[in-house]
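Undergrad: Fold the following.
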Amino acid sequence: MRNILIYTTLSGFFTVLVVTQPIYKFFSIPSVPMTTAVAGAKTENIPISFLISPTKITAKKGKTFTVTLILNSGKNKITGADVTLKFSSSLLESSNMAINSSNFQTVINRADNKNGTYRFTGVILTKPLTGKIVLGKITFYGKKEGTAEAVIEKTQVTALDKKEALPTKNNTKARFIIK
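TA: Take a look at the predicted model:
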């Protein structure tokens, strides 16, 4: 049996508590401002990025549509991810993401339709993952006609053998036309 608790302390550290019976492991990982590059952090060949797929959708008012959220790790061995997606709340509503549970243990899966944000935080409890990792599918509801956008607003990614969170580059944004 293994339980994991992750939280951010006031001192700016992510604290991770891994509980295995009868051993307790406790360690802290420095937190970095989201979406900023970390001095000295190295990525391998391909920068890490978050992708929204598809990037363009035309949908009917009063109907739902789904996009896939993908983490492209390059050659980094991903152990955790935290991403916030910002969307046009005047035109869209979002439900929680249908998580690809084979990849991540979910810590946060929350839509905030008032502020137009969706946040996912997850950790990998098994073998770290590389390549294009499907986080899950987000369903949106078109509230009224117009053109809405969804953009990756904040990110933080951890990888095996990396001491600090890794920066992301070239995150995609999506455009949704509601008719």
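Undergrad: Tell me how far Gly116 lies from Leu85.
TA: For Gly116, the distance to Leu85 equals 9 Å [Cβ to Cβ, to the nearest Å]. The way it works is simple: take the backbone N, C-alpha and C, and place the C-beta from them, glycine included.
Undergrad: in this structure, which spans are strands?
TA: With DSSP state E as the criterion, the chain has strands at 2-8, 13-20, 23-30, 49-53, 56-59, 64-72, 78-87, 92-94, 98-99, 105-112, 117-123, 132-142, 146-159, 173-178.
Undergrad: ranking these by burial, who's on top?
TA: strand 78-87 (a mean of 23; mean count of other Cβ atoms under 10 Å).
Undergrad: got the angle between that one and strand 117-123?
TA: 180 degrees (axes from the mean of the first three to the mean of the last three Cα atoms, to 10 degrees).
Undergrad: Using CSV, write out every CA atom in strand 78-87.
TA: C-alpha atoms of strand 78-87 as CSV (Å, rounded to 0.1, in the frame of the first residue of the first chain):
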residue,chain,number,x,y,z
ILE,A,78,8.5,12.5,-16.6
THR,A,79,7.6,11.9,-13.0
GLY,A,80,4.9,14.6,-12.4
ALA,A,81,3.0,17.4,-14.1
ASP,A,82,1.0,20.5,-13.0
VAL,A,83,-0.8,22.4,-15.7
THR,A,84,-3.4,25.2,-15.7
LEU,A,85,-5.5,25.8,-18.9
LYS,A,86,-7.2,29.2,-19.2
PHE,A,87,-10.4,29.4,-21.3
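Undergrad: partner residues bridging the residue nearest to Ile57 when sequence neighbours are not counted?
TA: Among residues not flanking Ile57 along the chain, Phe176 sits closest, at 5.0 Å (Cβ to Cβ, 6 or more residues apart in numbering). Applying DSSP bridges to Phe176 gives these bridge partners: Ile57, Ala148.
Undergrad: for this structure, which spans come out with low pLDDT?
TA: The chain contains residues with pLDDT under 70 at 1-46.
Undergrad: domains of it?
TA: Domain segmentation of the chain under automatic domain parsing yields 1-31, 46-178.
Undergrad: Okay, the residue nearest to Ile57 and Asn100: tell me how far apart.
TA: 22 Å.
Undergrad: same deal with Ile124?
TA: Distance from Ile124 to Asn100, counting by Cβ to Cβ: 11 Å.
Undergrad: Same question for Glu164.
TA: 26 Å.
Undergrad: And for Ile138?
TA: 12 Å.
Undergrad: Contacts made by stretch 120-128 with the rest, please.
TA: Stretch 120-128 is touched from outside by 2, 4, 6, 16, 69, 77-83, 97, 99, 103-109, 135-136, 159-160, with contacts defined as Cβ atoms under 8 Å, 6 or more residues apart in numbering.
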